[in-house]
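Student: Generate a structure from the sequence data that follows.
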Amino acid sequence: MTIKLYSWPMSSGTRIAWALEELALPYQYVPLDAKKQEHRTPEMLAVNPHGKVPSLDDGGLKLFESGAILLYLGNRYGAAKGLWPQPKGQQELADAVCWTVWAMTEIGSYMMQYLYHGLDSPVSYKPEDRSNAAAAYNRAQFARLLDALDARLESRDYVMGDFSLVDVATASWLLLGRQLGLTLDGHPRVAAWCTRCAERPAFKRAR
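Tutor: Residues are numbered from 1 along each chain as shown. Okay, the predicted model is just below:
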């Protein structure tokens, strides 16, 4: 049965489409119209009770939250495709899970708050609604996280060494940020890694 991905452009669903393309899994992309509130219909709420995207239906197994979906795809399909650690590699598997969750809860969150308050971007708050304190705090936290990622990439081309779904989790945030005007000055390894990720055919297809 074909996997169904419910999403719309420029959303967290893009990282799931990227992951599915990397895994070479057949899937049906089901576009939702946010203006028509299609994500809040009874049918969609049965897939994602929070009425958001992305949502995934894999043969009747329903998932929501992009981080959870990535972990599911990694555990179910990733090892066989060389995109997720084998279960026997306990520390490597632990690292993959931790860096994936980190991407969702840390770097993505601080990056978006910095964009909202600290930059002039298509998603930023109106100037009168921004907080200088919030901008400074989130910029500092975001820089700290980029330092950690830059250090991780010092001796490897990708977060786990070879490209994996862990890179999808993190790079999808930073590539979005770069598209919105974010720069990665001072973190050359992160910038080069983002470029490598953006050049992958699966990423281009997902976009």
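Student: Mind splitting the protein into its structural domains?
Tutor: Taking automatic domain parsing as the reference, the chain has its domains at 3-81, 90-206.
Student: now the end-to-end length of the shortest one.
Tutor: End-to-end distance for domain 3-81, by Cα to Cα, to the nearest Å: 17 Å.
Student: For burial, what's the neighbour tally of residue 109?
Tutor: 16 (other Cβ atoms under 10 Å). Where C-beta positions appear, they are placed from N, C-alpha and C, glycine not excepted.
Student: Give the buried residues for the helix or strand bottoming out on mean pLDDT in the chain.
Tutor: Within the chain, no helix or strand scores below helix 42-45, which has a mean of 87 by mean pLDDT, DSSP states H and E. By 16 or more other Cβ atoms under 10 Å, the buried positions in helix 42-45 come out as residue 44.
Student: following that helix, which helix or strand comes up?
Tutor: Sequence-wise, the next helix or strand downstream of helix 42-45 (DSSP states H and E) is strand 55-58.
Student: all strands for the protein, in order.
Tutor: 3-7, 27-31, 55-58, 61-64 (DSSP state E).
Student: C-alpha coordinates for the least confident helix or strand of the chain, PDB please?
Tutor: What follows is helix 42-45, C-alpha atoms only, in PDB (Å, rounded to 0.1, in the frame of the first residue of the first chain):
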ATOM      1  CA  PRO A  42     -12.800  15.400  10.000                       C
ATOM      2  CA  GLU A  43     -10.900  13.100   7.600                       C
ATOM      3  CA  MET A  44      -7.600  14.900   8.300                       C
ATOM      4  CA  LEU A  45      -8.200  15.200  12.100                       C
END
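Student: that older thread, mean pLDDT lowest for which of the domains of the chain?
Tutor: Note on these: lowest mean pLDDT is at domain 3-81, with a mean of 92.
Student: Distance from that one to the middle of the chain?
Tutor: Relative to its parent chain, domain 3-81 has a centroid offset of 12 Å by Cα atoms, centre = their mean, to the nearest Å.
Student: what's the burial count for the closest residue to residue 173 other than its chain neighbours?
Tutor: Closest residue to residue 173 apart from its sequence neighbours, by Cβ to Cβ, 6 or more residues apart in numbering: residue 108 at 4.4 Å. Residue 108: 24 surrounding residues under other Cβ under 10 Å.
Student: Just want to check the distance between residue 108 and residue 134.
Tutor: Distance check for residue 108 against residue 134: by Cβ to Cβ, to the nearest Å, it reads 16 Å.
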